[in-house]
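S.K.: test case, fold it:
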Amino acid sequence: MLNISSDERRVLRARAHSLNPVVSISQNGLSESVVKEINASLASHQLIKIRVYNDDRELREQFLATICEQLNAAPIQHIGKLLVLWRPQPDKPATTAKPRPRRPGPRQSKRSFQGSSGG
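M.R.: You can find the predicted model right below:
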């Protein structure tokens, strides 16, 4: 489980405010397929919300702790039936990005300028 400072957690909570849940944990609980989906979502988004369809708060807290331990993520927030998780992406090598080719010559304007009628 990742440990982050309270200031970092506050910033991440603010960023997560406008997010929609990307994964749902239903009556079947925390299955292997749900954990795989959470892992894939964390890999692509870093910061995600998970909706838990269960009324037991202690069980939701247990889900949060289990997910964070298995996926090396940081718990950001547990509010109601929503869990917010964060995991930083590993650094990607810079050699994968290819520079775009330059255009040959200056850009042409699409506007056509006509003489103005003076007055």
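S.K.: next, the buried residues of the helix or strand hosting residue 42.
M.R.: Assessed by DSSP states H and E, residue 42 sits inside helix 32-45. Across helix 32-45, burial judged by 16 or more other Cβ atoms under 10 Å covers 34, 35, 37, 38, 39, 41, 42. Any C-beta I mention is one placed from the backbone N, CA and C, and that applies to glycine too.
S.K.: what secondary structure does residue 22 sit in?
M.R.: Assigned by DSSP: H, G, I helix; E, B strand; the rest coil, the conformation of residue 22 is strand.
S.K.: which ones are touching it?
M.R.: Residue 22 makes contacts with 41, 45, 48, 49, 50, as judged by Cβ atoms under 8 Å, 6 or more residues apart in numbering.
S.K.: now residue 12
M.R.: 4, 47, 76, 84, 86.
S.K.: of these, buried ones?
M.R.: Buried among these by 16+ other Cβ under 10 Å: 47, 76, 84, 86.
S.K.: show me the residues you listed that map onto strands.
M.R.: Counting by DSSP state E, the buried ones among the contacts of residue 12 place 47, 76, 84, 86 in strands.
S.K.: any chance of those in TSV, plus pLDDT and distance to residue 26?
M.R.: What follows is these, written out as TSV (pLDDT from 0 to 100; distance: Cβ to Cβ, whole Å):
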residue	pLDDT	distance to residue 26
47	96	22
76	96	22
84	97	19
86	96	23
